[in-house]
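Peer 1: Have a look; sequence and predicted model below, questions after that.
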Amino acid sequence: MGNKINLKQKKSSLRKSKKEKQVSGTAEWAPQNANFINGCSHNCKYCYAKAMAVRFGRKTADNWKTEEVNLEKLRARRNQKEGYTMFPSSHDISPENLDYSIEFIGRLIETGNQVLVVTKPHFSVVESICKRFAGNKDQILFRFTIGSCNTETLKFWEPFAPSFEERLSSLQYAFSMGFQTSVSCEPALDTHTEELVHILIPYVTDAIWIGLPNRLNGILKLNGANDFTTLKCAEVLRNTQSKEWVKDLYNTFQSNPKIKWKESIKKIIGIERPTTVGLDI
């Protein structure tokens, strides 16, 4: 009898620990995500989605940059969900897939969903989305990925993604059109993050999220980006983004309500991570 009780207690404790698991990754932002493309033309060296696709045989390191549209996922009925739906989370919105992406966002919008549009923004893409959904501003929050204010740095890590200047123009445009705007500086790609924040924050209505590269060397290897130069740059990035640098950055912005910290920084600073997905805090 005692053994049965202990077994029940263990099962109950296991269920509780699963429920109280600290949130990480995209779950910090939204309780669910949506995608319809396999691959991404931006072909970022540090891309986690690419690494997982390569690891599980959905793509190779060489053909990841070829985008494959899944029409079944694109045209699937979208029910209304509680909280934001992040789109996309495992690819990006490029000029080439823009029409499909607008259709996809429209399907989410028309069923009453709140959409977190996450992208390394092409100006033409942002302009088209803003014009198409001008009447749905209350349902869209843009989150533009901008990890550096140096275009050369961006081009090294994100070979086919837009320049800093184009991303800044996209943010300014969405802001000027009255949309909700935010920024993801994850991963931060250098140590000029304070300068980056000061440039971007006037055009941010929501928040700027800051985070460090995660599992960088392992991901670079899977992604076929483990050449000497890239690995050396990764080493320099890790060394310069020291715990002391993180703590100084946190001290600079800790009282600013528009600055939020991803799990990689929360761990260093000692900030308790939420156990509920999608709180966006």
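Peer 2: That came in fine, so what should we check first? No experiment lies behind these values; they were computed from the predicted model shown.

Peer 1: Report the secondary structure state of the residue lying closest to E272 once chain neighbours are set aside.
Peer 2: Of all residues not flanking E272 in the chain, K266 sits nearest, at 7.6 Å (Cβ to Cβ, 6 or more residues apart in numbering). Backbone N, C-alpha and C define where each C-beta goes, glycine included. Assigned state for K266: helix (three-state reduction, DSSP: H, G, I helix; E, B strand; the rest coil).

Peer 1: Same check on L116?
Peer 2: Quick answer, by three-state DSSP: L116 is strand.

Peer 1: Kindly state the pLDDT recorded for it?
Peer 2: According to the prediction, L116 has pLDDT 98.

Peer 1: Relative to S89, how far out is T193?
Peer 2: Applying Cβ to Cβ, to the nearest Å, the value for T193 to S89 is 23 Å.

Peer 1: I should have written T151 there, sorry.
Peer 2: Relative to S89, and taking Cβ to Cβ, T151 is found at 25 Å.

Peer 1: what about those two, which has more around it?
Peer 2: Higher neighbour count among T151 and S89: S89, with 20 against 14, using other Cβ atoms under 10 Å.

Peer 1: How about the contacts made by that one?
Peer 2: The neighbours of S89, taking Cβ atoms under 8 Å, 6 or more residues apart in numbering as the test, are 26, 33-35, 49, 118.

Peer 1: Likewise for R143?
Peer 2: With the criterion set at Cβ under 8 Å, 6+ apart, R143 makes contact with 29, 116-119, 182-184, 206, 209.

Peer 1: nearest to I105, of the residues you listed?
Peer 2: I105 lies nearest to V117 out of the contacts of R143, by Cβ to Cβ, at 7.0 Å.

Peer 1: what's the closest non-adjacent residue to that closest one?
Peer 2: Per Cβ to Cβ, 6+ apart, closest to V117 is F142, 5.2 Å.

Peer 1: Flag every buried residue along stretch 89-101.
Peer 2: Buried residues in stretch 89-101, counted by 16 or more other Cβ atoms under 10 Å: 89-94, 97-98, 100-101.
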